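Novice: based on what follows, work out the 3D shape:
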Amino acid sequence: DGLRQRELYGRRDVYPVLLNLQYKKTKMAKLELLEPGTEAPDFSVNDQDGNPVSLGDFSGKKVVLYFYPKDNTPGCTKEACNLRDNHSLLTEKGFVVLGVSTDDEKSHTKFVTKYDLPFKLLADTDKEIVNIYKVWGEKSMYGRKYEGTHRVTYVIDEQGKIEHVIKKVKTGEHSDQVLQ
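Specialist: Numbering: from 1, shown residues only. All right, here's what the predicted structure looks like:
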C-alpha cells in the first residue's frame, strides 16, 4: 500500500514524484494517421498459423483492423479479451476482426492459445502494415523515447474504405468503440 511504499522510498517529498513515474502511461506522439474516406491500403502477411492474409481476402466485409504494441502485455491482453468476449456480437454486425503487431507467428500462436482468441493475429515482423497505416512511430515512457506501434484501430467498410479511426482506444471497452 501507499504507506509502505513511502517507507521503502524514504522521504515523503520524493514519493509523489516516484508514484507519478510508476503509473505514467505511454504518450502518443502526433501521428498523421490515415483519414476516414480514404482507400485502406492492401497488405499481405502471415497470421499466427503461418497462413498468408491480405486485406483483399475480406472484400465485401467490414474489417476491424486493430493495432497493438505487444502480445501478452496487460493492456494488449485486456483489449484482445474484450474483442474476444464480444466477438459474436461483432460478427453478427458483419465485422471481421484482425489484430496486428510486430510480434512473430510463434508469439501470436501462444497469445491466441492462452486467451482462446477467435480471430486472426497478423505477424507484421517487417513492419509493412504498421508503416503503411502510419501507426509506427516515436513513443515515450518513463522519460525514455523509443519507436513502437501505437494502439490505433481502423474500421474499414465493405468497399475497402476507412470508415472510422479510433485513436484513443479504451482497452476494456474497445468493442463498444467499434460499434459506435
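
Novice: do you know the pLDDT at the nearest residue to residue 50 once chain neighbours are set aside?
Specialist: Once flanking residues are discounted, residue 50 sits nearest to residue 105: 5.7 Å by C-beta to C-beta, 6 or more residues apart in numbering. Heads up, the C-betas are built off the backbone N, CA and C, glycines and all. You'll see residue 105 listed with a pLDDT of 98.

Novice: surely residue 105 touches residue 52?
Specialist: No: here residue 105 does not reach residue 52: they are 11.5 Å apart, not a contact under C-beta atoms under 8 Å.

Novice: which residues are in contact with each of the two?
Specialist: residue 46 (C-beta atoms under 8 Å, 6 or more residues apart in numbering).

Novice: so the two - more neighbours on which side?
Specialist: residue 105 (18 against 9; other C-beta atoms under 10 Å).

Novice: next one: the more buried one from residue 167, what distance?
Specialist: Separation of residue 105 from residue 167 (C-beta to C-beta, to the nearest Å) stands at 28 Å.

Novice: what's the neighbour count on residue 92?
Specialist: Residue 92 has 9 neighbours, counted by other C-beta under 10 Å.

Novice: from the contact counts, what lies against whichever helix or strand residue 89 is part of?
Specialist: Following DSSP states H and E, one finds residue 89 within helix 87-92. With contacts defined as 3 or more C-beta pairs under 8 Å, 6 or more residues apart in numbering; DSSP states H and E, the packing partners of helix 87-92 are helix 174-179.

Novice: what is the helix it packs on packed up against?
Specialist: helix 74-85, helix 87-92, strand 152-156, strand 162-166.

Novice: most tightly packed of the ones you listed?
Specialist: strand 152-156 (a mean of 22; mean count of other C-beta atoms under 10 Å).

Novice: outside of that one, which residues touch it?
Specialist: 31, 33-34, 40, 55, 62-67, 95, 133, 135, 162-167, 169, 174, 177-178.

Novice: repeat that for 7 Å
Specialist: Here strand 152-156 makes contact (C-beta atoms under 7 Å, 6 or more residues apart in numbering) with 33-34, 40, 62-67, 133, 135, 162-167, 169, 178.

Novice: that older thread, wait, which of the helices and strands packed on helix 174-179 is closest to residue 109?
Specialist: Closest of the helices and strands packed on helix 174-179 to residue 109 is helix 74-85, at 13.6 Å (criterion: C-beta to C-beta).

Novice: hey, C-alpha coordinates of the closest one in CSV?
Specialist: Output of helix 74-85 as CSV, limited to C-alpha atoms (Å, rounded to 0.1, in the frame of the first residue of the first chain):
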residue,chain,number,x,y,z
PRO,A,74,-1.6,-6.1,-19.7
GLY,A,75,-3.2,-3.5,-22.0
CYS,A,76,-3.0,-5.7,-25.1
THR,A,77,-4.4,-8.7,-23.3
LYS,A,78,-7.3,-6.6,-22.0
GLU,A,79,-8.1,-5.3,-25.5
ALA,A,80,-7.9,-8.7,-27.1
CYS,A,81,-10.1,-10.3,-24.5
ASN,A,82,-12.7,-7.5,-24.8
LEU,A,83,-12.8,-8.2,-28.6
ARG,A,84,-13.0,-11.9,-27.9
ASP,A,85,-15.8,-11.6,-25.4
